[in-house]
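Colleague: all I have is the shape, not the residue letters:
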């Protein structure tokens with residue numbers, strides 16, 4: 001098959017494929033919708049869990065995937081509906097032909113109005129065909145726009161973290177290089193956005209275009225626009241394509257607004273309040289977290305009703321926990337923080353730092369790490385103080401955390417309040433301050 005785009009044979013092939021493209025559109029849309037519906041909920045749950053675990057890189061990746069999934073689902077479902085309407089219109093045309101307004105026996109006023117608005121049934125079918133084709137193409141173009149925005153934001157974040165906030169670089173280098181680059185990215189993002197929404201306004205004036213071109217050239221790589229640029233300009237030089245873009249933009253904004261609307265049925269009561277003496281949130285009870293999207297709070301106990309002589313407490317790990325430990329005991333903080341992205345397939349070194357090389361040293365530091373955690377956390381059942389003896393553990397869903405068991409000896413039957421207490425150092429005076437990290441209500445009834 002010749003791929004010379006100037007040859008008559010290749011143009012004839014494209015014309016033939018163009019006529020049959022609706023079949024490919026429906027096949028791709030069907031498979032894509034099935035896959036997107038399958039991935040939609042796992043992506044949403046994964047993004048929520050990554051946010052709760054404070055895994056910023058994974059969270060950004062999953063949020064971008066979730067947004068792309070939502071856009072494709074909406075566009076492809078709309079495309080399938082319109083294609084179905086188009087196929088139905090073709091079938092009706094085969095049976096009934098064009099619209100014969102005279103047979104309807106309407107008054108001249110309505111007949112002339114309908115002839116002006118509808119014109120012909122074939123025109124209606126042609127419009128449906130155009131809407132379907134443009135909508136299918138723009139669905140995947142929007143995904144590239146989402147990726148473009150993501151790459152720009154990531155570029156700004158990377159420059160800020162690795163150049164401006166890099167302690168290994170002198171101030172003149174980090175500020176002298178990092179700040180101009182960030183300003184270039186910020187203004188470039190603004191200019192690119194203005195040029196996008198005005199459909200090329202900055203490219204029209206001779207002098208403005210000269211100033212804008214360096215930003216355009218750099219951002220063509222940052223946004224990967226070199227991959228889809230022909231598609232964009234094919235839309236922009238077509239009046240119908242512009243109309244679809246302007247029509248879809250407010251629809252997306254409206255969907256975003258509607259998705260954030262909820263009905264409030266009480267002036268004082270809310271579902272998602274943290275546990276306290278007045279409220280019990282399911283995030284603090286293991287037997288109530290049955291869905292994949294349910295994420296534990298700062299501390300979790302087995303149930304609202306405890307019938308054993310002890311209560312299990314699980315505290316999930318997050319980066320905040322480690323930051324608090326470093327703040328309390330600065331000796332545990334490494335010179336180079338190992339947290340962040342890492343490869344599980346290629347690991348060139350397993351050392352924590354140049355000073356830690358043996359397994360015994362690592363185990364010793366882990367033991368001290370756990371000792372500091374135990375030192376900084378204790379419990380109170382009402383006014384009775386209980387000591388904890390945490391170990392590092394995982395829960396039923398394989399979440400990393402700290403686990404302990406508290407004796408309820410001497411606790412009477414009835415409603416009680418379990419308070420998770422934490423010690424922290426005051427930033428100004430370096431004195432130890434005790435705060436309530438979590439407060440969980442429970443009922444205790446001894447087994448008979």
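Modeller: Alright, I've got the coordinates. Note that this is a predicted model, so its numbers are computed, not measured.
Colleague: I figured residue 129 hits residue 86, correct?
Modeller: Yes - counting by CB atoms under 8 Å, residue 129 touches residue 86, with 6.1 Å between them. For glycine as for every other residue, the C-beta is placed from the backbone atoms N, C-alpha and C.
Colleague: which residues are in contact with each of these two?
Modeller: Jointly contacting residue 129 and residue 86 under the rule CB atoms under 8 Å, 6 or more residues apart in numbering are residue 22.
Colleague: ok, what's across the strand from the residue nearest to residue 399 when sequence neighbours are not counted?
Modeller: With sequence-adjacent residues excluded and distances taken as CB to CB, 6 or more residues apart in numbering, residue 399 is closest to residue 316, at 5.4 Å. As for beta bridges, residue 316 partners with residue 401 under DSSP bridges.
Colleague: three-state assignment of residue 138?
Modeller: helix (DSSP: H, G, I helix; E, B strand; the rest coil).
Colleague: my guess is it meets residue 248, correct?
Modeller: Yes - the pair residue 138 and residue 248 passes the contact test of CB under 8 Å, sitting 7.1 Å apart.
Colleague: wasn't residue 392 part of a strand?
Modeller: Yes - counting by three-state DSSP, residue 392 is part of a strand.
Colleague: tell me the contacts of it?
Modeller: Here residue 392 is in contact with 366, 370, 400-403 (CB under 8 Å, 6+ apart).
Colleague: quick check: which ranges of the chain have low pLDDT?
Modeller: Low-confidence segments of the chain, defined by pLDDT under 70, are located at 1-7, 9-20, 54, 166-168, 259-260, 336-337, 339-360, 448.
Colleague: pop the domain breakdown of it in here.
Modeller: Domains of the chain are assigned by automatic domain parsing as 8-258, 282-332+360-444.
Colleague: for the ones you listed, which one sits closest to residue 273?
Modeller: domain 282-332+360-444 (10.7 Å; CB to CB).
Colleague: ends of that closest one, how far apart?
Modeller: 17 Å (CA to CA, to the nearest Å).
Colleague: please apply the same query to stretch 49-60.
Modeller: End residues of stretch 49-60 are separated by 12 Å (CA to CA).
Colleague: which residues sit against that stretch?
Modeller: 46-47, 62, 150, 154, 295, 318-320, 340-341.
Colleague: and which of those is nearest residue 214?
Modeller: Out of the contacts of stretch 49-60, the member with the shortest distance to residue 214 (by CB to CB) is residue 154, at 20.8 Å.
Colleague: residues contacting the closest one?
Modeller: Per CB under 8 Å, 6+ apart, neighbours of residue 154: residue 60.
Colleague: just to revisit the earlier point, in a markdown table: the domains of the chain, plus distance to residue 266.
Modeller: As requested, these are exported to a markdown table (distance: least, CB to CB, whole Å):
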| stretch | distance to residue 266 |
| --- | --- |
| domain 8-258 | 22 |
| domain 282-332+360-444 | 18 |
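Colleague: output the longest helix belonging to this structure.
Modeller: helix 56-96 (DSSP state H).
Colleague: give me the next element, helix or strand, following that one.
Modeller: helix 108-118 (DSSP states H and E).
Colleague: list the contacts of that next one.
Modeller: By CB under 8 Å, 6+ apart, helix 108-118 touches 99, 101-102, 104, 106, 124.
Colleague: swap the cut-off to 6 Å and go again
Modeller: Outside helix 108-118, the residues that touch it by CB atoms under 6 Å, 6 or more residues apart in numbering are residue 101.
Colleague: touching, residue 316 and residue 397? I think so.
Modeller: No - using CB atoms under 6 Å, residue 316 makes no contact with residue 397, being 9.9 Å away.
Colleague: of these two, which one has the most company?
Modeller: A side-by-side neighbour count of residue 316 and residue 397, using other CB atoms under 10 Å, places residue 316 first with 20 against 12.
Colleague: and the more buried one, how far from residue 310?
Modeller: 20 Å (CB to CB, to the nearest Å).
Colleague: now residue 116
Modeller: 82 Å.
Colleague: more neighbours: which of the two?
Modeller: Taking neighbours as other CB under 10 Å, residue 116 and residue 310 compare with residue 310 leading, 12 against 8.
Colleague: grab the nearest non-local neighbour of the residue positioned nearest the centre of the chain.
Modeller: For the chain, the residue nearest the mean C-alpha position is residue 63 (1.5 Å; CA atoms, centre = their mean). Excluding its sequence neighbours, the residue lying closest to residue 63 (CB to CB, 6+ apart) is residue 47, at 5.1 Å.
Colleague: so the helix or strand containing that neighbour versus helix 56-96, what angle?
Modeller: If you go by DSSP H and E, residue 47 is part of helix 21-52. Counting by axes from the mean of the first three to the mean of the last three CA atoms, to 10 degrees, helix 21-52 lies at 150 degrees to helix 56-96.
Colleague: how close does residue 136 sit to residue 45?
Modeller: On the measure of CB to CB, residue 136 and residue 45 end up 29 Å apart.
Colleague: and the nearest residue to residue 98 once chain neighbours are set aside, how far is that from residue 95?
Modeller: Sequence neighbours aside, residue 121 is the residue nearest to residue 98 in space, at 4.8 Å (criterion: CB to CB, 6+ apart). Remark: distance between residue 121 and residue 95 (CB to CB) = 11 Å.
Colleague: fine, thanks again, bye for now.
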